[in-house]
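S.K.: the sequence and its predicted three-dimensional model are supplied below.
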Amino acid sequence: MTTTWTKTYTDLQTRRTAAANHQWLTQQMRALSTPMQLARLQQTNPRELTFDYVFGHHARPRDLVMIAGTMGHFHQAVHRTALHQARLDRPFRADPDLSIPDFIAARRDRIRAHLKNSRVPAPALTADQAVQAIEAAADAPASIYADANLRNLLVDGSRVTMVDYDCLTLAPFGYDLAKLIVSLAMTHGPLRPVTIGDALTAYNHALTAAPHPLPVVPWRELMQWTEIHHILTSPYLGRHCYRHSWHQTRPTPHHPPRTD
């Protein structure tokens with residue numbers, strides 16, 4: 001029986017960043033009461049990380065609502081314990097060995113580059129509108145982005161395990177949920193608007209839980225983040241099982257589904 005899984009990295013710095021991300025997330029998990037889990041790191045080599053093998057399947061559309069609630073609990077908890085001190089427009093010194101990149105700087109340049117090169121089919125936002133959207137989030141409460149595409153989350157019953165730690169940045173609430181929604185639609189095709197609405201409800205219920213309730217994420221804001229992910233993820237269309245473009249799968253109701 002397989003008991004471990006090893007990931008190989010192209011260079012030492014990338015491996016170090018992934019290991020530092022995992023260590024910080026592990027410290028957060030130990031201090032939190034959250035159903036989100038991590039694969040345990042067993043061994044570190046110059047260009048390899050070896051983890052406990054995790055059983056389960058990649059996230060599927062039918063898992064979206066459950067994962068959204070789990071993600072919301074995690075985001076609320078990590079904001080309370082650490083990221084309440086962070087600003088989205090500047091890196092956050094999480095510990096002496098880890099600075100978590102800010103939300104705005106890297107995305108601003110990539111958004112402009114992708115739209116300038118016409119790599120995004122039927123974008124709903126211009127470059128200026130997209131950049132304005134991410135810059136306007138500077139003063140929003142800080143959460144975390146851990147690249148929640150469906151392959152980075154393994155589901156086993158009600159257990160959700162994060163299995164990739166290469167990418168960690170600050171982000172506004174709802175941004176990582178939007179990534180999961182876009183990756184599911186790009187892989188499996190259109191999601192029912194009511195399913196997305198139920199996922200947002202589950203996420204918001206977790207955010208507003210006592211004793212430290214946070215503001216809810218409105219439908220319009222979630223959809224705005226899906227359009228940012230459309231811009232940033234479009235270059236991967238045709239790869240990694242991304243068979244459908246978001247512009248062909250985005251929900252199109254004139255009025256959003258109820259999310260209360």
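M.R.: Now that the structure is in, tell me what you want to look at. Fair warning: this is a prediction, and the values are worked out from it, not measured in the lab.

S.K.: what about Cys155, which SS state?
M.R.: Careful, residue 155 is Val; it's not Cys. Per DSSP: H, G, I helix; E, B strand; the rest coil, the secondary structure class of Val155 is strand.

S.K.: contacts only, for it.
M.R.: Counting by C-beta atoms under 8 Å, 6 or more residues apart in numbering, Val155 touches Gly56, His57, His58, Ala59, Arg60, Asp63, Met66, Ile67, Thr161. No exception for glycine: its C-beta is placed from N, CA and C like everyone else's.

S.K.: for the stretch 1-150 of the chain, which spans come out with low pLDDT?
M.R.: Low-confidence regions of the stretch 1-150 of the chain, defined by pLDDT under 70, span residues 1-2.

S.K.: what about 90?
M.R.: Low-confidence segments of the stretch 1-150 of the chain, defined by pLDDT under 90, span residues 1-3, 27-35, 95-97, 106, 117-119.

S.K.: neighbours around Val194, how many?
M.R.: By the criterion of other C-beta atoms under 10 Å, Val194 has 13 neighbours.

S.K.: please identify the helix or strand for it.
M.R.: Element membership for Val194, per DSSP states H and E: helix 193-207.

S.K.: the closest residue to Ile111 other than its chain neighbours sits in which helix or strand?
M.R.: Across the structure, with C-beta to C-beta, 6 or more residues apart in numbering as the measure, the residue nearest Ile111 apart from its sequence neighbours is Ala130 (4.8 Å). With elements taken from DSSP H and E, the one containing Ala130 is helix 127-135.

S.K.: report the buried residues of that helix.
M.R.: Of the residues in helix 127-135, those with enough neighbours to count as buried (16 or more other C-beta atoms under 10 Å) are Ala127, Ala130, Val131, Ala133, Ile134.

S.K.: contacting residues for the residue nearest the centre of the chain?
M.R.: Closest residue to the average C-alpha location of the chain: Asp176 at 2.7 Å, with C-alpha atoms, centre = their mean. The neighbourhood of Asp176, defined by C-beta under 8 Å, 6+ apart, consists of Met71, His75, Ser143, Ile144, Tyr145, Ala146, Asp147, Ala148.

S.K.: and the fifth one, backbone torsions?
M.R.: Yep, that's Tyr145 we're talking about. phi -110, psi 120 (degrees, to the nearest 10).

S.K.: again with the fourth one
M.R.: Recorded main-chain torsions at Ile144 are phi -130, psi 150, according to degrees, to the nearest 10.

S.K.: the residue lying closest to it once chain neighbours are set aside - how many residues pack around it?
M.R.: In this structure, Ile144 finds its nearest non-sequential neighbour in Val78, 5.7 Å apart by C-beta to C-beta, 6+ apart. Number of residues near Val78 (other C-beta under 10 Å) recorded here: 23.

S.K.: skip ahead from the helix holding Val194 and say which helix or strand is next.
M.R.: Along the chain past helix 193-207, the next helix or strand (assigned with DSSP H and E) turns out to be helix 219-233.

S.K.: can you name every helix or strand that that following helix contacts?
M.R.: For helix 219-233, the contact count by 3 or more C-beta pairs under 8 Å, 6 or more residues apart in numbering; DSSP states H and E identifies helix 105-116, helix 127-135, helix 175-188, helix 193-207, helix 246-249 as packing neighbours.

S.K.: swap the cut-off to 10 Å and go again
M.R.: Packed against helix 219-233, as judged by 3 or more C-beta pairs under 10 Å, 6 or more residues apart in numbering; DSSP states H and E, are the following elements: helix 105-116, helix 127-135, strand 169-172, helix 175-188, helix 193-207, helix 246-249.
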